[in-house]
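1. Here you go, sequence then predicted model.
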Amino acid sequence: MNNPKYQIFKGNNDKFYFRLYSRNGQQILASQGYASKSGCQNGIESVKKNCQNDAQYETKVAKNGKHYFNLIAANKQIIASSQMYASVQTMKGGIDAVKRVGADSDVEDAS
């Protein structure tokens, strides 16, 4: 995959979600569930608006010792979360990938 993208999909629970894929096709962000497609689309717009700001990234360590990050909105709500990473360095690479592609990626509706 040469083109990074957001993908909207509908889960088994009838909620809408989005994923952000990097240039190499790897999933780098996943959203919470939204009751409506328009809410999901607003979530994507929030990623595009906030992804360049370092202060909007919240880094965490899971109970299993893996690292991950949340992208948060100005109101401190979590917009989307990353996958789990083995190290802080690889997690920072994930943040850099979101910064590279998050603002300009197209949206694919697979719902």
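-> Looks like it arrived, so ask away.

2. Hmm, residue 9 and residue 17 touching each other?
-> Yes. Contact criterion Cβ atoms under 8 Å: residue 17 and residue 9 qualify, at 5.7 Å. Bear in mind the C-beta positions are built from the backbone N, C-alpha and C, glycine included.

3. More neighbours: which of these two?
-> Using other Cβ atoms under 10 Å as the criterion, residue 17 and residue 9 rank with residue 17 on top: 19 against 15.

4. can you pull the contacts of that one?
-> By Cβ atoms under 8 Å, 6 or more residues apart in numbering, residue 17 lies in contact with 8, 9, 10, 11, 30, 31, 32, 33, 34, 40.

5. now stretch 72-83, how far from the chain's geometric center?
-> Centroid separation for stretch 72-83 versus its chain: 8 Å, with Cα atoms, centre = their mean, to the nearest Å.

6. So what's the residue count around residue 55?
-> 8.

7. Residue 76 versus that one, what's the distance?
-> To residue 76, residue 55 is 11 Å away according to Cβ to Cβ, to the nearest Å.

8. Done for today, thanks.
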